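Trainee: Sequence plus the predicted model coming up.
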Amino acid sequence: MPGSLVSTSATQSDQHTGSTPEVASRRRSGQPLAFAAAVLALVTCFVASAAPLPLYNTYRAANGVTTADLSLTVVAYFLGTIAALLCLGRLSTHLGRRPVTMATLALVLSGCLVLLNVTSVGPLVIGRFLMGVGCGMASSTVMAYVVDAAPADPPWLATLITSQGPNVGLTIGAFTSGALVDYGPAPRTTVFWTMVVLLAVSLLLVALAPETHPRTPGALASLKPQVALPPAARRLMPVAAMSFMATWALGAAYQSLGPSITQDYLHTDKALGMALVFASYMVPGVLGAPFGSRFRPATAQRIGITGYLIGAVGLLASLSAGSIVGFMLCGALAGTCQGITVTSAIRGLMHGVEPRDRASVLAAIYLTCYIGAMVPNLVIGQLTKVFTIPQVMTGFVALAAIAAVITWVWVRNPEGLDG
């Protein structure tokens, strides 16, 4: 099996900096407090990001928010993430991981405060945009913080957390919010005050954690929009990008179309029902990630994208039949295979990446993911005015089929892992 990106990068860093064996050993052993703080910050950002989702049917009923409006909020969220990844993705390389992680948590917290008073689509768009900026920063800075501080064993841990941490957070957030919406007092505000408390606790833990990356000059210059990949990663990115786009587009559709699907096609108006359907796609990715680590990246990507395509076809068939059980089972298959595909692609792209390039590579990866999620959902928001949701979902199956063909024909292992 190939070595982990943590151990590989740590060894390269030790050689580059001339660290003593004792210092190198401590670095490879990880930094427990920084690692715990970084993981909590990453997951908490996405927990808060999912908090509005179970309230969408409430906003539809009480405030006249339409399915097209909900697609607009998804686009606003992804615009925020893309802006952050383009302009802020390298900031922590110069200012340090810890202060930029704290700023990330503060941005998501501010989005929660805006969403305390949603009376129309306007505040919803603004709040989601702020959350998007914060989650975009989390997808570069906080993930780089996780990788910096992660232990060398097990070798797949850092990749598992960076690839599936967002999905875990989104699922926890959807379930927490769903339970509060169905059974809690004043759900439209209790949900977001709960998230504010969680984010504040996470912020405090990060403030107490050690820094993992030295400050370097060039912070202002790093704000210039730029997508940077080392040469080895550029060779692998086109095929990986197709998988990222196909799988993330469907994940975003669960957010924008989920309320309509669960209420109009699967015949449940419970917020927890929407959260359960959402989780059926998001959670299984965590199971797929360790499975994919058993194979070389190219092999795992072929396995993953094939299973994902089968799951996507099943989702469309179950939706047309109005079967909530079938929809969730096929969502679980697609989600598991999404975990295999995305984690393996990230593992290949991050192979041999030096510490100074980690945030940039992760920013490029998640910039691709978020663009792949935003553009189809911008389109489907308009298509839902003309076509039924099952008809719109056919487009996601077609995208999965294209990704599968491209992956099977052109996917390659990173240099040094060929064969």
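Mentor: On my side now, so go ahead. Residues are numbered from 1 along each chain as shown.
Trainee: Which residue is the nearest non-sequential neighbour of the residue most central in space within the chain?
Mentor: With distances taken as CA atoms, centre = their mean, the residue of the chain nearest its centroid is residue 166 (4.1 Å). Among residues not flanking residue 166 along the chain, residue 46 sits closest, at 4.6 Å (CB to CB, 6 or more residues apart in numbering). Backbone N, C-alpha and C define where each C-beta goes, glycine included.
Trainee: I figured the one you found hits residue 136, correct?
Mentor: No: applying CB atoms under 8 Å, one finds residue 46 not in contact with residue 136, separated by 11.6 Å.
Trainee: Comparing these two, which residue is more hemmed in?
Mentor: residue 136 (30 against 26; other CB atoms under 10 Å).
Trainee: State the helix or strand in which the more buried one lies.
Mentor: According to DSSP states H and E, residue 136 maps onto helix 121-137.
Trainee: Which strands and helices lie in contact with that helix?
Mentor: Other helices and strands packing on helix 121-137, by 3 or more CB pairs under 8 Å, 6 or more residues apart in numbering; DSSP states H and E, are helix 32-50, helix 67-87, helix 97-114.
Trainee: For the next helix or strand after that helix, what is the distance to the chain centroid?
Mentor: Using DSSP H and E, the helix or strand that follows helix 121-137 in sequence is helix 143-149. From the chain centre to the centre of helix 143-149 is a distance of 15 Å (CA atoms, centre = their mean, to the nearest Å).
Trainee: and for helix 143-149, what are the contacting residues?
Mentor: Helix 143-149 is touched from outside by 5-6, 9, 30-32, 34-35, 37-39, 41-42, 92-93, 97-98, 101, 158, 161-162, 165, 212-213, 350, 355, 358-359, 362, 366, with contacts defined as CB atoms under 8 Å, 6 or more residues apart in numbering.
Trainee: Mind listing what's buried along the strand or helix carrying residue 188?
Mentor: Per DSSP H and E: residue 188 is located in helix 187-208. By 16 or more other CB atoms under 10 Å, the buried positions in helix 187-208 come out as 187-188, 191-192, 194-196, 198-199, 202-203, 205-206.
Trainee: and these as a markdown table, adding distance to residue 259 and pLDDT?
Mentor: Shown next, in a markdown table, are these (distance: CB to CB, whole Å; pLDDT from 0 to 100):
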| residue | distance to residue 259 | pLDDT |
| --- | --- | --- |
| 187 | 15 | 86 |
| 188 | 15 | 91 |
| 191 | 15 | 93 |
| 192 | 18 | 95 |
| 194 | 20 | 95 |
| 195 | 19 | 96 |
| 196 | 24 | 96 |
| 198 | 24 | 96 |
| 199 | 24 | 97 |
| 202 | 28 | 95 |
| 203 | 30 | 96 |
| 205 | 33 | 95 |
| 206 | 33 | 94 |
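Trainee: Show me which of these is closest to residue 385.
Mentor: Nearest to residue 385 among these is residue 188, at 27.0 Å by CB to CB.
Trainee: any idea how far that closest one is from residue 170?
Mentor: Residue 188 sits at a distance of 20 Å from residue 170 (criterion: CB to CB, to the nearest Å).
Trainee: What score does the residue nearest to residue 166 have for pLDDT?
Mentor: For residue 46, the model assigns a pLDDT of 94.
Trainee: longest helix of the chain?
Mentor: Criterion DSSP state H: the longest helix present in the chain is helix 231-260.
Trainee: what's the neighbour count on residue 119?
Mentor: When neighbours are counted by other CB under 10 Å, residue 119 registers 12.
Trainee: For it, give me its contacts.
Mentor: So residue 119 contacts residue 63 (CB under 8 Å, 6+ apart).
Trainee: Now do it, the pLDDT please.
Mentor: Model confidence at residue 119, given as pLDDT, is 87.
Trainee: measure it to residue 126 for me?
Mentor: Going from residue 119 to residue 126 by CB to CB gives 12 Å.
Trainee: what are the ranges of the helices in the stretch 251-400 of the chain?
Mentor: Using DSSP state H, counting those that start in this stretch, the helices of the stretch 251-400 of the chain run over residues 271-282, 285-292, 297-321, 324-350, 358-383, 389-410.
Trainee: TSV for the ones you listed, including distance to residue 154 and mean neighbour count?
Mentor: Shown next, in TSV, are the helices of the stretch 251-400 of the chain (distance: least, CB to CB, whole Å; neighbours: other CB atoms under 10 Å):
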stretch	distance to residue 154	mean neighbour count
helix 271-282	22	24
helix 285-292	9	23
helix 297-321	16	22
helix 324-350	13	25
helix 358-383	19	23
helix 389-410	26	18
